[in-house]
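**Q** pasting a predicted model and its sequence here:
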Amino acid sequence: MGSMREGDNVSLAGWRQQLTLISWLAFATGCVVGVAKFGQVLMTSAKGQFETHSEGRAEMFLLTFGISKAIGNLVIGGAADTAGRRPCMTLGWVLGAVFCVASILAPTWDVVVAADLLLGLNQAFCWSVAIFMAIDWSGPTRRAQAVGLVETFGYSAIALASPLVGGVGVDGVRMLHGLLLVICLGCAFMSRFLLRETRVIASKDATVHPAAGTPSTAAGDGMGEGQFGAVVWRSGRRDDYSTVRLVWAHVSCLDGALMACCLVGLALNFASAFAWGAMTRWLSGLDVDNHSAAGLVLLAYSMPKGLLQLPAGAMADRRFCSCGPREFVLLGLAAISASLLCMALLTAVQLEAQLTILLALPLALILGCGTAVAYSPVVACVVCRAEPSWRSAAIGTYRFWRDLGYAVGGLLLGNAVDSAKGVPWVAPLLASMFVVVTIVVFARVYPGQQPVAPSTSTSGVRRSDEMSPAEQSGNPGVLLAHSMPRSEMA
């Protein structure tokens, strides 16, 4: 994965042990969501515990899961910079344990849907923190590779969960949730007592490896504690906000390239919502006893999505064939759009069940490969434009919009199928069109050359009267961040 970080007070063996532990926690995180999501699909399918013919109602679990995970990612980005990575990881596993108990005892589908709020928080906290810690340990030249390591273990676990749940069927779903409860409790113990805090490494990155065009930061081990930022207007007025709020605004509304990255993330999980919702229910509905076949198609989608993220991230870092993260993102999106369009054609022709599943397998494989090629590099695109001092908050904001794709996809695709009176080809066609729009926007907005991170000083605030006329010209306001407590601001 790389060499030990220079200056970090940890042995090479300890560094490797930490990355191994992070990888295992990512694998366990994938196990939890893989079993839970496919199990909930079977609950609403034919002969399921909460059988329903409404696609919109069946995909409500994606709505609550997606919204909860999106908000959780937004919160965890700032919390990991302020409270630390390890406490956030431990809290995530505790929430996962509570979700398992609620799922086991749930008497109605509405209770299961509500419990997915806890599942979303579990996934946001544990998965995001694993990415933060892997990036911290791996250094500034291996960002996509670090993300790929976590995503590979996580999505490989999701892939393996699909045939497992399909094999036990709806009758064994609650038993599997009992197993998940044991996993969550064990991971909470490991996070609390075996995991090392890495927030100090990000603090050193801000000093040793500042973002391009950005002054070095003087932040120490307490980086993130009491951070505030200011919007300084030409008149001299300054409005103070928390850095987390400013980063959210910067990533979501101000920086066009970062906004394009957020749109890519939204499109990626919009397509994933189709795979876990409309596609799986459609395949399960071909034959009442065909849950294992649906699980096999999900395996074909999820396995390459996991296994290819690490090599895709590594090749993007090394600019394989002169292709950096931006080019890998575009390539992945193109594969996703093509596979969704072919899936729409397959659902429209209405072939016999065996042939349909046989043809769905390679299409699901392409969908998973395209997602893997884009998933890690787009995070690297975000990190390239963020300072280490607010890197976690930037990634958290991106992941907020990405995981909102589950909710948006579940809501729009489910209602689109219901509005079309159950016609299945509407969902993949709508998803394909959305991805095509995303390709056009990202290709036009995200710069082709190596991006330059926003110029953000953490050593103080420059007032408008300290700027040259050229700096003030055409700038109605200047966004700055610094580490001084609010009480010490002039």
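**A** Alright, I've got the coordinates. These numbers come from a predicted model, not from an experiment.

**Q** how much space separates Ala230 from Gly236?
**A** Going from Ala230 to Gly236 by C-beta to C-beta, to the nearest Å gives 12 Å. C-beta: built from backbone N, CA, C; applies to glycine.

**Q** more crowded one of these two?
**A** Ala230 (23 against 9; other C-beta atoms under 10 Å).

**Q** now do the SS call for the more buried one.
**A** Using DSSP: H, G, I helix; E, B strand; the rest coil, the structure places Ala230 in strand.

**Q** for it, give me the pLDDT.
**A** We have a pLDDT of 76 for Ala230.

**Q** which residue packs closest to the residue most central in space within the chain, ignoring adjacent ones?
**A** Closest residue to the average C-alpha location of the chain: Arg399 at 4.5 Å, with C-alpha atoms, centre = their mean. Sequence neighbours aside, Asn73 is the residue nearest to Arg399 in space, at 3.7 Å (criterion: C-beta to C-beta, 6 or more residues apart in numbering).

**Q** pLDDT weak spots in the stretch 151-300 of the chain?
**A** For the stretch 151-300 of the chain, the stretches flagged by pLDDT under 70 are 169-170, 201-227, 284-292.

**Q** show me where it has helices.
**A** Assigned by DSSP state H, counting those that start in this stretch, the helices in the stretch 151-300 of the chain fall at 173-193, 199-208, 243-249, 256-274, 280-286, 291-307.

**Q** so what's the residue nearest to Arg399 up against?
**A** If you count contacts by C-beta atoms under 8 Å, 6 or more residues apart in numbering, Asn73 has them with 124, 128, 396-397, 399-400, 402-403.

**Q** about what we covered before: so which of the helices of the stretch 151-300 of the chain is nearest Ala79?
**A** The closest of these to Ala79 is helix 243-249. By C-beta to C-beta, the value is 8.7 Å.

**Q** summarise which helices and strands the closest one is packed against.
**A** Using 3 or more C-beta pairs under 8 Å, 6 or more residues apart in numbering; DSSP states H and E, the elements in contact with helix 243-249 are helix 60-82, strand 228-233, helix 391-419, strand 477-482.

**Q** can you do 7 Å?
**A** strand 228-233, helix 391-419, strand 477-482 (3 or more C-beta pairs under 7 Å, 6 or more residues apart in numbering; DSSP states H and E).

**Q** and Leu62, how many neighbours does it have?
**A** Neighbour number of Leu62 under other C-beta under 10 Å is 30.

**Q** thought it was touching Leu413?
**A** No - with contact defined as C-beta atoms under 7 Å, Leu62 does not reach Leu413; the gap is 8.8 Å.

**Q** so what sits against both of the two?
**A** The contact sets of Leu62 and Leu413 overlap at 273, 277 (C-beta atoms under 7 Å, 6 or more residues apart in numbering).

**Q** ok, the closest residue in space to Val445 that isn't next to it in sequence - contacts?
**A** What sits nearest to Val445 in space, not counting adjacent residues and going by C-beta to C-beta, 6+ apart, is Ala260, at 4.2 Å. Listed by C-beta under 7 Å, 6+ apart, the contact set of Ala260 reads 441-442, 445-446.
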